[in-house]
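*Asks:* model this:
(one chain, ligands or ions: 1)
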Amino acid sequence: MALQIQHNLRSRNLRGLLLTRLSREQGRVTSRLGVTHDAVEVDPEMNVFDLAKSVMVRRGKLDYLVADEAQFYTAEQVEQMSMVVDELAADVYAFGLITDFRGLLFPGTKRLLEIADERSELQVEARCWCGEGAIFNARLVNGQLTYDGDVVVVGDTDDLEAEVSYELLCRRHFNEGRRPVLQHRLIELPSDEQFESQLSKDLRSDANS
Ligand SMILES: [Zn+2]
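*Replies:* Residues are numbered from 1 along each chain as shown. Next up is the predicted model:
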C-alpha cells in the first residue's frame, strides 16, 4: 500500500520521501511484487521533521512523505510528522498496524489515531480462520499463542530455537489461547429438590403477601 501511494504520487510528478522502520532489508521497502524503492530507515532517535526539512531545502521541493511501518514510530516522531504537514505544507501518508500481538495499540499508532486529519481502515478483508473479521495479529512462539514478551522482535533474539510467527485472529479465537489462565468455574447450584422446594416456598410467600 505504501509503495502504491508512493508510485501514484511520483507519477503525478510530485517529489517526496519514503520512510520505513525495521524492514528486513535495511533501508528498503519490498513489496510482494518484488519492487524495491529506496527508503530512509527511521531509527527512534531520528527527528523526522528535521529530515523532511533538510530534504526540502536540498531539493527545493517536498510534496509528500510516505511513512511505512508507522506503528513502530515513536509518539514524538508522529508529532514531527504532523509538523511536516503544518509547517512544510507537505502531505503525510502513514501506514501501519493498529494493535500489537497483545491486542494493545502501538504507541505510534495511538498518537496517529489521536492527531491524524483522516484515517481509514485497510484491513477490512482480514479474516480469522473461522471466517470472522480478524482484529488481532497474534504472536505464536513455536506454534503457541503468546500474550507477553517484547513488542518488537527483530532478527536475532536470545532464543534462536524459538520460531516466531503471526496469525490473524478474531477476538474469540485470540482469547481462546488464554483459557488455561482464565479458568471459568461453574457456580454450584442447589440440587433439583432443594431448588424446587425453595421455589415453591418463594411462591407461597408471594401469595401470602
Ligand atoms: Zn475466529
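*Asks:* make it CA atoms for all contacts and neighbour counts henceforth
*Replies:* OK.
*Asks:* Can you pull the poorly scored residue ranges out of the protein?
*Replies:* Along the chain, the model assigns pLDDT under 70 to residues 22-38, 123-125, 152-161, 179-185, 207-209.
*Asks:* which bits of it sit near the ion?
*Replies:* Counting by CA under 5 Å from the ion, the residues of the chain close to the ion are C128, C130, C170, H173.
*Asks:* residue contacts, the first one?
*Replies:* Translated: C128. The contact partners of C128, by CA atoms under 8 Å, 6 or more residues apart in numbering, come to A134, L168, L169, C170.
*Asks:* Go through the residues of the chain next to the ion and flag which are in helices.
*Replies:* Counting by DSSP state H, these place H173 in helices.
*Asks:* Most neighbours out of the residues of the chain next to the ion, which is it?
*Replies:* Neighbour counts for the residues of the chain next to the ion, by other CA atoms under 10 Å, peak at C170, which reaches 22 neighbours.
*Asks:* That one contacts G103, correct?
*Replies:* No. Using CA atoms under 8 Å, C170 makes no contact with G103, being 10.8 Å away.
*Asks:* how near is the residue lying closest to T74 once chain neighbours are set aside to E45?
*Replies:* Spatially, and ignoring its direct neighbours in sequence, T74 is nearest to G108 (5.1 Å; CA to CA, 6 or more residues apart in numbering). In this view, G108 and E45 are 14 Å apart by CA to CA, to the nearest Å.
*Asks:* re the thing from before, what are the buried residues along the helix or strand hosting the residue nearest to T74?
*Replies:* Assigned by DSSP states H and E, G108 falls within helix 107-115. Using 16 or more other CA atoms under 10 Å as the test for burial, helix 107-115 gives P107, G108, T109, K110, R111, L112.
*Asks:* Endpoints of stretch 121-137, how far apart?
*Replies:* 15 Å.
*Asks:* Quick check: buried residues in that stretch?
*Replies:* A126, R127, C128, G133, A134, I135, F136, N137.
*Asks:* can you name the two of these that are farthest apart?
*Replies:* Greatest spatial distance among these (CA to CA): G133 and N137, at 11.6 Å.
*Asks:* any shared contact partners between those two?
*Replies:* Common neighbours of G133 and N137 are listed as L169 (criterion: CA under 8 Å, 6+ apart).
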